[in-house]
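[1] here is a sequence with its predicted model. Questions after.
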Amino acid sequence: MTRRQKRRTLLYVGSLSVVLCAGMVIGTAYAQNAERSAREEREAQKLALEAAEGTEDTTAEDTDAEDTEEETEPEDAEEHLPEDWNLILVNKTHPIPDDYEVELKSIGSGHQIDARAYDDFRAMIQASKADGVYIYVTSSYRDRDKQISLYQKKTDSYLRQGYSLEDAKEKAGQVVAVPGTSEHHLGLALDMVSSEYRKLDEKQENTRGFQWLKAHSWEYGFILRYPNGSTDITGIIYEPWHFRYVGKEAAKEIYEQGVTLEEYLGAKPVSEGEAVTYDYVPRPKKKAVAPAQENAVNPEEQTAAPGQESAPNQEEQQAAESNI
Ligand SMILES: [Zn+2]
C-alpha cells in the first residue's frame, strides 16, 4: 500500500467514523426525543387521569359529606314540634305534658271538648245534619285518672288470665292507651259514629257519617287522625271514628297533602321512637277491695281506647247512644 493509499484509507475510515458517530448522536438524540415524547404523553395521560379521578374524588367527597349530613341529621336533630295548643302531638312516644291543663266545654251527653274547638265542632255537626247525616260522639275528653283506671283494669284482667306483669301491661297497652299517651286527654279528640252503624270497627268507614266527615271535617278544623295504612307512623290501627281537632288551617293542609299529623309536624314515626311506659304496680288482690263504683265506669270510655278492636259490641252500642 502506498502512502497515498494509506492516507486515503485513513481518511475513508475517519470519515466513516465521523458519519457513524454523527449517526449515532443523531440516532440517540432522536431516540431520546422519542422517549421524552412518550414520557410526556404518559405524564399527560396520567395527569388527565388524576384530574378525572380528582373530579370524581371531589364529587365523592361532596356526596359523602351530604350523606353524612343526611345520616346524622335525624340523630342529632331535635324534633322541633310546634307549641300551638291545636297542634300539640300526643302519641305513644310523645306523652302529654304533666302540667297540661285545658278549659273544657260541654257538648252534651256528658261529653266535653276543649272550649277553643267548641264553635267549629258545633258548626260541623250542624252542617252534617243539614246534609241529612247524623253523627254521634261516643268518646271525648278523658282525664288522666280515667286513663289510668282503664289501663290498670285492663292490665288486671290479663294478670287474672295468668300473664306476667310485663306481658299483661304490654297487652293492655295494645287495647288501652298507656296513661299519658291518649289524645283524648287533650280534649281535642272525638270518637264519632254514624247513626246507622255505631260500632267502633273498620266497617264504620262505609257509613254515611264517616263519608261525610272524611269529606268535610277538615273544613271545620278536624282530621282523621289514624288513617288506614299509617300504623307505623301513628302507632295506632286504622280508626275511621277517631277525629282530632287541629284548627282549620292545619286541617286543610293535612287533608290536601294526605298526611298524618306526625308527618305534618315533622315528628319521628312512632315505630322509630321510644314508647312511653307506665309503672303500674298492682296491689295484692282481695275480693272486697274492688269497689262497686269502679265497675260502673262508663262503657264509652272503654270503647274509645285507641288501638282497641275487641271491645264488646254491646258496650259500643250503648256508648253510641250518646246523642249530641
Ligand atoms: Zn279515640
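    Everything's here; your move. In this text the structure is predicted, and so the values were computed from the model without any measurement. Residues are numbered from 1 along each chain as shown.
[2] how about the stretch 1-150 of the chain: which residue is closest to the ion?
    Here the stretch 1-150 of the chain gets closest to the ion at one residue, S139, 5.5 Å apart by Cβ to the ion. In this view, the C-beta of every residue, glycine as well, is placed from N, C-alpha and C.
[3] wait, that residue touches V193, no?
    No - look at S139 against V193 with Cβ atoms under 8 Å: they stay out of range, at 9.9 Å.
[4] all helices of the stretch 151-300 of the chain, in order?
    In the stretch 151-300 of the chain, the helices defined using DSSP state H, counting those that start in this stretch lie at 165-175, 208-216, 231-234, 248-257, 261-265, 292-295, 299-303.
[5] need those in TSV (columns: mean pLDDT and distance to the ion).
    What follows is these, written out as TSV (pLDDT from 0 to 100; distance: least, Cβ to the ion, whole Å):
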stretch	mean pLDDT	distance to the ion
helix 165-175	90	12
helix 208-216	98	13
helix 231-234	96	12
helix 248-257	98	17
helix 261-265	98	13
helix 292-295	43	22
helix 299-303	39	9
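[6] including mean neighbour count and distance to H184, could the ones you listed go into TSV?
    Formatted as TSV, the helices of the stretch 151-300 of the chain follow (neighbours: other Cβ atoms under 10 Å; distance: least, Cβ to Cβ, whole Å):
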stretch	mean neighbour count	distance to H184
helix 165-175	18	14
helix 208-216	18	17
helix 231-234	18	14
helix 248-257	16	18
helix 261-265	20	15
helix 292-295	8	19
helix 299-303	21	9
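[7] how about these in JSON lines, adding distance to I135?
    JSON lines is the format used below for those (distance: least, Cβ to Cβ, whole Å):
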{"stretch": "helix 165-175", "distance to I135": "25"}
{"stretch": "helix 208-216", "distance to I135": "5"}
{"stretch": "helix 231-234", "distance to I135": "22"}
{"stretch": "helix 248-257", "distance to I135": "17"}
{"stretch": "helix 261-265", "distance to I135": "21"}
{"stretch": "helix 292-295", "distance to I135": "30"}
{"stretch": "helix 299-303", "distance to I135": "15"}
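[8] where are the low-confidence patches of the stretch 201-324 of the chain?
    For the stretch 201-324 of the chain, the stretches flagged by pLDDT under 70 are 285-324.
[9] and the residue of the stretch 1-150 of the chain closest to the ion, how close does it get to D232?
    Between S139 and D232 the distance is 24 Å, computed by Cβ to Cβ, to the nearest Å.
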